[in-house]
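A.B. asks: Let me see the structure of the following:
(2 chains)
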Amino acid sequence: MSSIRGARVAALSAVVVAAFALSACSGGATDDPPASAEQTLRLSAQAPPSSWAIGNAPGGDATMYLSVYDTLLRTTPDAEITEGLAEEWEYNDDLTELTLHLREGQEFTDGEPVDADAVVASLNVSREGPSTATNLTAVSDVTATDESTVVLTLSQPDAALLPNLADVAGAIGAPDVLTAESSTLEPVGSGPYILDSSSVAGSNYVLKKNPDNWDADSFPFETVQFQIIADPTAITNAMQAGQLDWIALNTPDQLAQFPEPKYTSGSNNANGLGVLWLADREGTIVPALKDVRVRQAINLAIDRESIAEKLQVGSLHPTEQVVNPNGGAWSDELNETYSYNLEEAKALMAEAGYADGFAVTMPSTFLSTPYEPTFSQQLGDIGIQVTWETVPFQDFLTKVFSQNYGMYFMFNAFRSADSVDVRGATTAIFNPFNSTSPEYEALIAEANSSESADAFAPVNEYFVKEAWFAPIFYTAGPWVASDKVTYTPAKTFYPSLKPWAPAN
Amino acid sequence: MIVFLLRRLGAGLVLIFVVTAATFFLTYGANIPVARNILGPSATQDQVNLLNTQLGLDQPILQQYWTWLTGVLTGDLGTSYFTSEPIASALASRLPVTLSVVLVASIITLLLSTVLGIASAARGGWLDTLLQSVATFSYIFPAIVLGIVLVYVFAIALRLVPAIGFVPFAQSPVGWFLSVILPAVVLAIGGIASLAAQIRGSMIDELSRDYIRSLRSRGSSEASILFRHALRNAAGPALTTFSLLFITMFGSSLFIEKIFALPGYGTFAFTSTIQGDLPAMLGVTLFSVVLVVIVNLLVDVLQGWLNPKVRT
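C.D. replies: Numbering: from 1, shown residues only, chains lettered A, B, ... in the order given. Model (predicted):
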C-alpha cells in the first residue's frame, strides 16, 4: 500500500515539476515581447463586431472596423476633418452638392482599384445599410463624373455629412463582395490594416498592417490584436499579467494597481455623457414635462457637483450641455445656467402649478442603479416622486422607444462633431416622442447651412435655455498603458489606431 | 443490451426534438428586440425595421421554425446575429476550449478523488477524518474565490501562467497546458469532494463484504484486493456520480470562463443568452441536449462493461 501511495505522489510531483519546467523553458507564460515597431499591439474590446459588411457596422466603438476599411474622409485627433480616400473635397455655394476628388493608385486588398465606381457602389450600399442609412439621409444621389471624382447631391444642407463620411458611413469596401455573405466575416477594404485569417470570430481578432495604404507610415505596429473580454475584472487581470498593452479604467482609484515606471497612465478626453433625458416635452404621458419651468426646476434640483464628486471621483465632470466640451458649440458660461439651487427650483415648480410635485416612473437598469438613490432624493426635494421600474437591459431600448417613459437616465457617446452629437441627442431613443419646435427647426437649418466651427452653438444654447434635457455629467475616464507603448488621447471620438505607438 | 441501447437512443432523439422546439418557441416567441440591441440607442426605427428584415425576424414564427429545423437537418444551424459566425463553426471553435478545461478538470477530479476515497476507506482513523475535512472544505469553498486567488498568485504575481485566454494544443502544447491548468483546478475542486465521498462509501461497503474476507484469508495482497476487486465493484456508482459531475462541469464552465476570459462554450452560451442571439441560443441548447444523451449512453455502455448483470 505504501509503495503504491509513494508511486502516486511521485507521479503527481513529476507532473507538477514538468509543468513548471516547461513553463521555465518557454520563457514564462506571459513574457513581454521586445519593444519595437514589429511588436504586436495588444488591446481588448468588450464585444466583437456583429458584422464586417459595409452598412452593417456595429454601434459603439468602430476602431477595428475602420482599421480595415478606409474612409472617404478622416478626422484628426483634434476633431478636424482631413483627407482620407478623398484627397480634396468642396461644396457648391448652397451646400447641396459635395464633390470628392479621390486619391489615385489605391487598391483594395483583393487587387481591385479604389476608384469612383467603387465609391459609388459602396455609398449606395451604405445608404441602405441598417447602421448607416440614417447618416446619409440627406444624400439623394451619388454619381461618378470620372474615374476619380464622385459627386454627392443633397436634398438639403447637412453639416453632419462630412464627419459621417469620416466615420462608418464613409467606409469603402471592394465592390465585388459588398453584398456577398462572406463580407460579414471576411471584409475586403483598403484600410491601414487587414483582418488576418488567424482571427477567431467572436474572441480574437488579428489585424496585419497593410503596407499599400496611402497612410501606412502613420500606423507603426505591424500587428494589432484585439481580444474580446467582456468582464472588466478579467481585463484588469490581463493588463496586470502583461497580456494587454492598454486598457481604459472606470475610476482613477484603479490606477494604484498600475505603478510607474512599469505602466504609464493618463486621462482620456470627454467620450460620453450621462443625462436625464426629459423626453416627453410634449407632455404626452407626463404632462408636467411640457412646462419649461418644470424642466428648468429639474435641472436646478440636480446637484451635479456632488454626484460627480461622490459617485466616481475624478472621471465624472458636471455638465449642463449635451455637446462635447472640446467642440465649437460648447460654452463655459452656459455650464453655470443651472447651478444647484433648491429654492429657485421649488419656486419654478410652484409657478408652473406643481408646488406639490408629481409622480413619474423611470426605467431601472444596471446603468442607472448607482445613481437612482441620488436622483430619487434630489428630485424628491422638489416634490417629484420617482418610481423605478426594473427593466432587463435587452428590453430597455425598445421600451424607451415605445414611449413608455417620459424621462429616464441613459448614457450617450460623443462622436467627432457637434452636428453629429446634436443629431444624436434629438433622434432615436433620445427623442422617442419626436419632440421638436419651430425655433429648433429654424436653428438647426441655419446651423446646417454654415461651415463655421461654432455653427451649433445657438442650437446648444436653445437646448440649455429651454431645458430640453437634464445633462448630469460627462465622462473622461483614466487609461493605463504598458511600458512598451505610448498613448496620446484624441480630443474627441477617434476610431483609429493612431493614438498608440511603440514606446521606443 | 443492444435493444436497451437502441431504446435509450430513440428516447434521446425525442428529447432532443422536444427540448429544441420548446426553446425555439420560448425564445423566438419572447419578442426579444434583437435588431434594436445590435444597432444600439442611436438607431432609428427605420434602421431597426431594415435589420429585422435582413435577419428574417419579420417572418411568421412557424416559418422561422421550419427554416431552422430544415437547416439543422442539413447541418446548417444558422448564423449568429451578433458575430455573423455560422453557429456550427462557432460551436466547433469554442468546444475545444471548454473540453480542454473540462477534460483536464476531469482527470484531476478522477485522480484525486480516487486517491482520497480509497485512502479514506482503507486506512480510516485520523487520515479518514483529515481527508474528509479537506474534501468538505473544498466542497464548500467558493470556487470563484479560489479562481481569483489563483489568478493573482500564479498569473499576476508570479507570471507563471496567463491570466486570460486560451492557446490551442496544436499551436503550443505547453501554452495549452498553461492556459487551462488554473481554470481546470478551479473547476475540479468542488467535484473532488463529492466523488471522493462516493468512492469512499462504496469502497467501505465493498471492503466489508464476505468475498474480501475470503481473498484476505487466501493471502491476496492488499493492493490486489483494493484495486482489482473492491475498486472495480465500487466503480459503478462512482461512474454515475462522475457522469453527472462531467455535465455539471460543462455548466460551471460558464463562471470559470468568465474569470479567465476563455472563449469557450460557457462564454458563448452566456453571451448569446444575455444578448438574445437566438440562433446561438438554439445551437447551445441543441448541443447541450445531444451531449447529455451521449454521456448517458456512454455511461450505460460502461456500466454494462463493469457489471455484466446490466447487459441482460
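A.B. asks: need the residues of the stretch 201-312 of chain B near chain A, please.
C.D. replies: B:222-223, B:226, B:258-261, B:263, B:267-268, B:271, B:274-276 (C-beta under 8 Å from any C-beta of the partner chain). C-beta: built from backbone N, CA, C; applies to glycine.
A.B. asks: let's see 6 Å
C.D. replies: B:222-223, B:258, B:261, B:263, B:276 (C-beta under 6 Å from any C-beta of the partner chain).
A.B. asks: how many neighbours does residue 254 have?
C.D. replies: By default, I'm working from chain A. 18 (other C-beta atoms under 10 Å in any protein chain shown).
A.B. asks: um, chain B though
C.D. replies: Residues near B:Leu254, counting by other C-beta under 10 Å, number 18.
A.B. asks: excluding its backbone neighbours, what's nearest it?
C.D. replies: Nearest residue to B:Leu254, sequence neighbours excluded (C-beta to C-beta, 6 or more residues apart in numbering or on different chains): B:Gly266, at 3.5 Å.
A.B. asks: Nearest to A:Ala347 among the residues of the stretch 201-312 of chain B next to chain A?
C.D. replies: For these, the closest approach to A:Ala347 (C-beta to C-beta) belongs to B:Gly276, at 46.6 Å.
A.B. asks: give the contact list for that closest one.
C.D. replies: Residues near B:Gly276 by C-beta atoms under 6 Å, 6 or more residues apart in numbering or on different chains: A:394, B:32, B:34.
A.B. asks: now do 7 Å
C.D. replies: B:Gly276 is in contact with A:394, B:32, B:34, B:37, counting by C-beta atoms under 7 Å, 6 or more residues apart in numbering or on different chains.
A.B. asks: Please apply the same query to A:Thr361.
C.D. replies: Per C-beta under 7 Å, 6+ apart, neighbours of A:Thr361: A:387, A:389, A:405.
A.B. asks: cool, and A:Gly424?
C.D. replies: Per C-beta under 7 Å, 6+ apart, neighbours of A:Gly424: A:412, A:415, A:430, B:42.
A.B. asks: mind giving me the domain split of chain B?
C.D. replies: B:31-76, B:89-311 (automatic domain parsing).
A.B. asks: And for whichever residue of the stretch 101-250 of chain A sits closest to chain B, the neighbour number?
C.D. replies: The nearest approach of the stretch 101-250 of chain A to chain B comes at A:Ser203, 3.2 Å away (C-beta to the nearest C-beta). Neighbour count for A:Ser203, taken as other C-beta under 10 Å: 24.
A.B. asks: Likewise for the one 3 residues further on?
C.D. replies: By the measure other C-beta under 10 Å, the count of residues near A:Val206 is 18.
A.B. asks: Chain A versus B:Glu206, what's the distance?
C.D. replies: Distance, B:Glu206 to chain A, by C-beta to the nearest C-beta, to the nearest Å: 16 Å.
A.B. asks: mind listing what the nearest residue to that residue once chain neighbours are set aside touches?
C.D. replies: Spatially, and ignoring its direct neighbours in sequence, B:Glu206 is nearest to B:Ala230 (4.1 Å; C-beta to C-beta, 6+ apart). With contacts defined as C-beta under 7 Å, 6+ apart, B:Ala230 is in contact with B:203, B:206-207, B:212.
A.B. asks: What of A:Ile298?
C.D. replies: By C-beta under 7 Å, 6+ apart, the residues touching A:Ile298 are A:276, A:278, A:379, A:470.
A.B. asks: Now secondary structure too, for those residues, in CSV please.
C.D. replies: Compiled in CSV, the contacts of A:Ile298 are given as follows (DSSP: H, G, I helix; E, B strand; the rest coil):
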residue, secondary structure
A:Leu276, strand
A:Leu278, coil
A:Leu379, helix
A:Ala470, strand
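A.B. asks: Looking at those residues, which one is closest to B:Leu306?
C.D. replies: Among these, and counting by C-beta to C-beta, the member closest to B:Leu306 is A:Leu276, at 66.5 Å.
A.B. asks: What count of nearby residues applies to the closest one?
C.D. replies: That count, for A:Leu276 with other C-beta under 10 Å as the rule, works out to 22.
A.B. asks: How is residue 188 assigned, secondary-structure-wise?
C.D. replies: Since you didn't name a chain, this refers to chain A. Applying three-state DSSP: A:Val188 is coil.
A.B. asks: Correct me if wrong: it contacts A:Phe108.
C.D. replies: Yes - A:Val188 lies in contact with A:Phe108 (C-beta atoms under 7 Å); the separation is 5.4 Å.
A.B. asks: roughly how far apart are B:Gln132 and A:Ile81?
C.D. replies: Distance check for B:Gln132 against A:Ile81: by C-beta to C-beta, to the nearest Å, it reads 72 Å.
A.B. asks: For B:Leu116, give me its contacts.
C.D. replies: B:Leu116 makes contact with B:131, B:135, B:192, B:196, according to C-beta under 7 Å, 6+ apart.
A.B. asks: mind listing which of those are in helices?
C.D. replies: B:131, B:135, B:192, B:196 (DSSP state H).
A.B. asks: Quick check: closest non-adjacent residue to A:Leu152.
C.D. replies: A:Leu98 (4.4 Å).
A.B. asks: what's the answer for B:Val301, then?
C.D. replies: The nearest residue in space to B:Val301 (C-beta to C-beta, 6+ apart) is B:Leu5, at 7.2 Å.
A.B. asks: How many neighbouring residues does residue 61 have?
C.D. replies: I went with chain A, as the question did not name one. 16.
A.B. asks: that answer is for a different chain, and I need it for chain B
C.D. replies: B:Ile61: 13 surrounding residues under other C-beta under 10 Å.
A.B. asks: Next one: the nearest residue to it once chain neighbours are set aside relative to B:Asp277, how far apart?
C.D. replies: Spatially, and ignoring its direct neighbours in sequence, B:Ile61 is nearest to B:Tyr28 (5.5 Å; C-beta to C-beta, 6+ apart). Look at B:Tyr28 and B:Asp277: by C-beta to C-beta, they are 12 Å apart.
A.B. asks: between these two, who's got more neighbours?
C.D. replies: B:Asp277 (28 against 20).
A.B. asks: Return the residues in contact with that one.
C.D. replies: With contact taken as C-beta under 7 Å, 6+ apart, B:Asp277 is in contact with B:80-82.
A.B. asks: filter those residues by proximity to chain A?
C.D. replies: The subset of the contacts of B:Asp277 within reach of chain A, by C-beta under 7 Å from any C-beta of the partner chain, is B:81-82.
A.B. asks: Out of the contacts of B:Asp277, the closest to chain A would be?
C.D. replies: Closest to chain A, out of all of those and judged by C-beta to the nearest C-beta, is B:Phe82, at 5.0 Å.
A.B. asks: If I look at that closest one, what pLDDT would I see?
C.D. replies: On pLDDT, B:Phe82 comes in at 88.
A.B. asks: can you check A:Arg8 too?
C.D. replies: 39.
A.B. asks: again with A:Gln243
C.D. replies: Reported pLDDT for A:Gln243: 95.
A.B. asks: Neighbours of whatever residue of the stretch 151-300 of chain B ends up closest to chain A, how many?
C.D. replies: Nearest to chain A, among the residues of the stretch 151-300 of chain B, is B:Pro263, at 3.2 Å (C-beta to the nearest C-beta). Neighbour count of B:Pro263, defined by other C-beta under 10 Å: 26.
A.B. asks: just checking, it is part of a strand?
C.D. replies: No - counting by three-state DSSP, B:Pro263 is not found in a strand; it is coil.
A.B. asks: which ones are touching it?
C.D. replies: A:200, A:202-204, B:94, B:97, B:166.
A.B. asks: Excluding sequence neighbours, find me the nearest residue to B:Leu160.
C.D. replies: Using C-beta to C-beta, 6+ apart, the nearest residue to B:Leu160 is B:Phe154, at 5.1 Å.
A.B. asks: what's the neighbour count on residue 286?
C.D. replies: Let's take chain A. 21.
A.B. asks: The chain in question should be chain B.
C.D. replies: Using other C-beta under 10 Å, the number of residues around B:Leu286 comes to 21.
A.B. asks: element containing A:Thr82?
C.D. replies: strand A:81-83 (DSSP states H and E).
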